[in-house]
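kindly generate the corresponding structure for this input.
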Amino acid sequence: MYHSTGVLFVASAILASFPYCANSQQSRWVPNQVSATMCAWKAFRAAQLKDTAFLDGGFLYWTAGLADGSSGRPTQDGNPLGLTYTLNFSVPFDSNTNVSEILGIKSFDNAAANIKPNYYDGAMLANDHEFFLYGGLLANTKEYSPPDADDVLYYRDSDYGVPKPAFKPSFANGQLPDNFTRYVTYGGAANAPSENKAWYFGGSRSPSWGPIFQPSINGSLNPSEVADTLITLDLSVSQSEKWSNVTLPSKIPGRANPSVVWVPVGKQGILVVLGGVAYPEYSTGFGASDNPAQSEKVSPGYMSNIDIYDVESGEWYQQSTSGAPSQRAVGCAVVASAQDSSSHNIYYYGGFDGLHETTNFFDEVWVLSLPSFTWTMLSPGKNEHARAYHQCLTPYPDQMVTIGGSRHLPGQDILCLGGGILQVFNLTQGEWLSSYDPAKWDKYGVPTMIQDKIGGDYSGGATVTTPTPSGWGATQLADIFGQKYNTSKITTYYPYKPESSGNGTRGSWDGGSGGGGGGGTPSWVPPVLGVVLGLVFLTAIAVGILLYRRRSLLRKRQSETTGSGTETDERRHYIRTWLNNNNAEKAPTVTTDDPSSRDYDMRSRNETPLPPGTYVRSPTPEMTQDGMKYEMPPDHQRFELGDTSKAAELDDQALSYNDVLTKHTQLHSPTSPHSRTTHNTILQSSSFYTGSVSQEQPSSLTSSQAGINPATAAAAMAHEQVESPLLGHPNPYTRTPPPGNPRDTMVSPMQTPPPPTRNAVVSDVSRISDRHLAHLRNLSGNTVSSSSNMGPSPPNTPPVMHAAFVAGPVSPPLPSPPSADSQQQEARDYVSMEQSVSPIDQRFNNAPPVGPGGRAAGRSGSASMRASVFRENSDDLGDKPSKSSTQ
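Below is the predicted model of the structure:
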């Protein structure tokens, strides 16, 4: 809405951080100025919510304090931040108090609405919880676009009615109903918190009811016409306020700047309209009344003939008075009722006639006593103390506080108010006080001068209860005044807890009927707190920068000391390093549909294959790391992890057969310090997998190359032959899933598995781990290339195993587990047995069947042929049905 919103928002944020600065002069400081003091405050709007006065708009003038001790000319800062000031009545003050130190501020909570235009005049319609800013004049400027005709701004200070958990005090923009406009000013406002209603009477408008601005030479934009309306705001329901607008009767003239008060008389109270002026001089751009003669004719009657509005019936009445003062406007008025409600006294202070702004204003305090409708001048006052365009509030029943105002204009310069911005008047004693102390107050007592006219005493007891000498202007008025108002509906919030002078926000309120409370903040707290928090924030930023630089330097030095610093970085950032180093794709999974391959693999791990048709619901998961498999406990929580491991790599050079035996079998030396068991024990628990050897690289082996003692090995193998289980029968030591795991399907160790569907050679691997087996299977290069049983089958003819021993690299032996045929023949040992062609060689080379001696028929059993690890019977290999399988 505003062209300079960004700059002003930054300024508002800075001033909000330092409340002391925000309460001071906001702009237009002069060279060598070191301080600012409030000089005058003209035509602002005000209302009292519980224990706090809210002050908004108007022309606020400041006197500049210069470095040499002199004072500059008063300057109006224009309120560029659109701040609303607050005065808490728990804070004491006197004539020497710097008012800017005890005022608080309220502003918008968001940037879009933080800057509101500064209105001159207008009204603050309120109850005890919220207020609406209505009417007033804006400067006709191009710096911002004015609000629309139906825009209205309001502030909710506290919640009431239905509880609203999300409530918080804040400003907000609202909208007026149809046929309403904000283009009105110079009206009179009154609030009745006990009835939750507020009113705006009369005022001035433009000839077209269109936009109005502060008076200028453009008459069409000046508020030069009388507004003959009464606007009512019903605040009974929070956030559901209702506006209404009625035209005044012809007998009730509209006017500029009357004073309107609500008096607790009748069922809902009455409005009493005092003073005002027709055709005021300040409504034109030339500073002169459009019709001064007519104004002087009708305006004095606004003080002698009082207009009365009955809230319950909505009817207007007029009542004449006695002893009325002269024509008055832009003064202020408050009501004080006797303790027994026998009289209600309206105090009217200050103002001027509305036609001669260059002459002295009034400093008189007049009292209109009801129902006698008698005027009494209670205090004559002094010219230097006189003021107009001010506001009056009653923090206590016996005290009136006047705020702001301005003096007459004898020349071009503004005259500062005599006695200061804040003044206190004792309503009971009829005297001005030098200070305000929230701890000193009393009930209202009827002043002696008024008692002399209406009778009664300090507490009330008025004897004159009808207008004298004229009598009632209407009989209905007699009935209204004869009905006492229910004062229990009036909520009071005094006494106020005294606090030292200070701005900022008020304390929490726990008041109620007759309750007290309030609070304030010492003046030194906001600026000190702002400075401390600012320093803490800056210190935190500096410390953070230093720590970051120190960490960078330390890491740089460690990198220079340890080289690349990768190891240190990985230790500190191992998670990030792990993620960066494990980007390899998961190794492809090779599957096969050959059931014999799965049986063969299970037998190679010393496990019993499942019979056909057996369904394993959830096998025990195994986690693989570096080729080693670990079986997890059955009750361990299972997670499937993605394979991010690197492919296994071979050592730098191929291992010889002796090296393999040295590393894996411990058979290289019976006296080796690493071998703490006998060879018999080792051979009992060790066996080797026999894989197929590639055709391109045939292996050769002699017993001398193996480094094995033939006699020891023979004895060991003979001993192990007896304990070896029969082929085709379950191994009693086969590991099976534990019975406690409901997710696993148990395989009984006594269940006979189906025979393999191909001539697979099964070894009872127990001591050799799967990792070492994988190493043996994956030997490549100049050693052995083993084809995995999980790999794809050769497309054409299977590879042929060569039994001849030839010179070349040593490959690991291809041992088979000891077996027993159907006749329980005892097989020969590993070394001393005759070298023969294994059934695998016979099968893949189309050799004749193996004879009873283990030799291939028609082939020589020369030593040049490769020896089988153990004797392998054709029954065991599935070439013909064994005895056990036919029984």
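
hey, let's count contacts and neighbours off CA atoms from now on
Noted.

pull the longest helix from this structure.
helix 525-562 (DSSP state H).

helices and strands around it, which ones?
With contacts defined as 3 or more CA pairs under 8 Å, 6 or more residues apart in numbering; DSSP states H and E, helix 525-562 has these neighbours: helix 19-23.

output the next helix or strand after the helix it packs on as CSV, nothing but the C-alphas.
Per DSSP states H and E, the first helix or strand lying C-terminal to helix 19-23 is strand 33-42. What follows is strand 33-42 as a C-alpha-only set of coordinates in CSV (Å, rounded to 0.1, in the frame of the first residue of the first chain):
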residue,chain,number,x,y,z
GLN,A,33,20.2,17.9,18.6
VAL,A,34,20.9,15.5,21.5
SER,A,35,17.4,15.1,23.0
ALA,A,36,13.7,15.6,22.4
THR,A,37,10.9,16.6,24.7
MET,A,38,7.2,16.4,24.1
CYS,A,39,5.9,20.0,23.6
ALA,A,40,2.2,19.5,22.4
TRP,A,41,0.0,16.9,21.0
LYS,A,42,-2.9,18.1,19.0
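
isn't V273 right up against P258?
Yes. V273 lies in contact with P258 (CA atoms under 8 Å); the separation is 6.6 Å.

skip the chain neighbours and tell me the closest residue to I490.
Once flanking residues are discounted, I490 sits nearest to S194: 5.0 Å by CA to CA, 6 or more residues apart in numbering.

and for that neighbour, the neighbour number?
19 (other CA atoms under 10 Å).

and what of the one 3 residues further on?
Burial measure for K197: 20 neighbouring residues, criterion other CA under 10 Å.

coming back round to it: between V273 and P258, tell me which one has more neighbours.
Neighbour count, other CA under 10 Å: between V273 and P258, P258 has more, with 27 against 24.

my guess is A329 contacts L355, does it?
No. With contact defined as CA under 8 Å, A329 does not reach L355; the gap is 9.4 Å.

tell me which of those two has more neighbours.
Taking other CA under 10 Å, A329 and L355 do not tie; A329 has more neighbours (27 against 23).

ok, now which ones touch that one?
Each residue near A329 by CA atoms under 8 Å, 6 or more residues apart in numbering is listed here: A256, N257, P258, S259, G275, G276, V277, G351, F352, D353, G354.

repeat the analysis, applying 7 Å as the threshold.
By CA atoms under 7 Å, 6 or more residues apart in numbering, the residues touching A329 are N257, P258, G275, G276, V277, G351, F352, D353, G354.

would you reformat those residues as TSV and include secondary structure and distance to M377?
As requested, the contacts of A329 are exported to TSV (DSSP: H, G, I helix; E, B strand; the rest coil; distance: CA to CA, whole Å):
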residue	secondary structure	distance to M377
N257	coil	21
P258	coil	19
G275	coil	15
G276	coil	18
V277	strand	21
G351	coil	14
F352	strand	16
D353	coil	17
G354	coil	20
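
so which of those residues is the closest to N98?
Nearest to N98 among those is G351, at 24.6 Å by CA to CA.

surely that closest one touches T359?
No. Contact between G351 and T359 fails when scored by CA atoms under 7 Å: they sit 11.5 Å apart.

neighbour-wise, which of these two wins?
Neighbour tally, G351 and T359, criterion other CA under 10 Å: the higher count belongs to G351, 28 against 13.

mind checking how far the more buried one is from G419?
According to CA to CA, to the nearest Å, G351 and G419 sit 16 Å apart.

same question, L153
For L153 relative to G419 (CA to CA), the value is 33 Å.

remind me which residues of the chain are low pLDDT?
1-23, 109-115, 500-526, 560-887 (pLDDT under 70).

now with 80, please.
Flagging of the chain using pLDDT under 80 yields the residue ranges 1-28, 108-115, 412, 499-529, 555-887.

part of a helix, is the residue nearest to I490?
Yes. Counting by DSSP: H, G, I helix; E, B strand; the rest coil, S194 is part of a helix.

contacts only, for it.
K489, I490, T491.

the second one - how many residues pack around it?
Burial of I490, expressed as a neighbour count using other CA under 10 Å, amounts to 14.

what's the spacing between I217 and T52?
I217 is 39 Å from T52, by CA to CA.

among those two, which residue is more densely surrounded?
Per other CA under 10 Å, whichever of I217 and T52 has more neighbours is T52, with 20 against 10.

isn't the more buried one up against N88?
Yes. Assessed by CA under 7 Å, T52 is found in contact with N88 at 4.4 Å.

would you mind giving the contacts of S194 as JSON lines with distance to V365 and secondary structure added?
What follows is the contacts of S194, written out as JSON lines (distance: CA to CA, whole Å; DSSP: H, G, I helix; E, B strand; the rest coil):
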{"residue": "K489", "distance to V365": "29", "secondary structure": "helix"}
{"residue": "I490", "distance to V365": "26", "secondary structure": "coil"}
{"residue": "T491", "distance to V365": "27", "secondary structure": "coil"}
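
closest to A324 out of these?
Closest to A324, out of all of the contacts of S194 and judged by CA to CA, is I490, at 30.0 Å.

for the closest one, grab phi and psi.
phi -90, psi 120 (degrees, to the nearest 10).

how close does it sit to Y347?
Distance from I490 to Y347, counting by CA to CA: 20 Å.

repeat that for R551.
74 Å.

neighbour count: the two, which is higher?
Y347 (23 against 12).

pull the contacting residues for the more buried one.
Neighbours of Y347 in contact, by CA under 7 Å, 6+ apart: A333, V334, V335, V365, W366, V367, L368.

redo those residues as JSON lines? Include neighbour count, distance to Q318 and secondary structure.
Output for the contacts of Y347, formatted as JSON lines (neighbours: other CA atoms under 10 Å; distance: CA to CA, whole Å; DSSP: H, G, I helix; E, B strand; the rest coil):
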{"residue": "A333", "neighbour count": "24", "distance to Q318": "19", "secondary structure": "strand"}
{"residue": "V334", "neighbour count": "22", "distance to Q318": "20", "secondary structure": "strand"}
{"residue": "V335", "neighbour count": "21", "distance to Q318": "19", "secondary structure": "strand"}
{"residue": "V365", "neighbour count": "21", "distance to Q318": "23", "secondary structure": "strand"}
{"residue": "W366", "neighbour count": "22", "distance to Q318": "20", "secondary structure": "strand"}
{"residue": "V367", "neighbour count": "27", "distance to Q318": "18", "secondary structure": "strand"}
{"residue": "L368", "neighbour count": "24", "distance to Q318": "15", "secondary structure": "strand"}
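
just flag the most distant two among those.
V335 and V365 (12.7 Å).

list just the nearest of the contacts of A329 to W209.
N257 (18.2 Å).

nearest residue to T284 other than its sequence neighbours?
P215 (5.4 Å).
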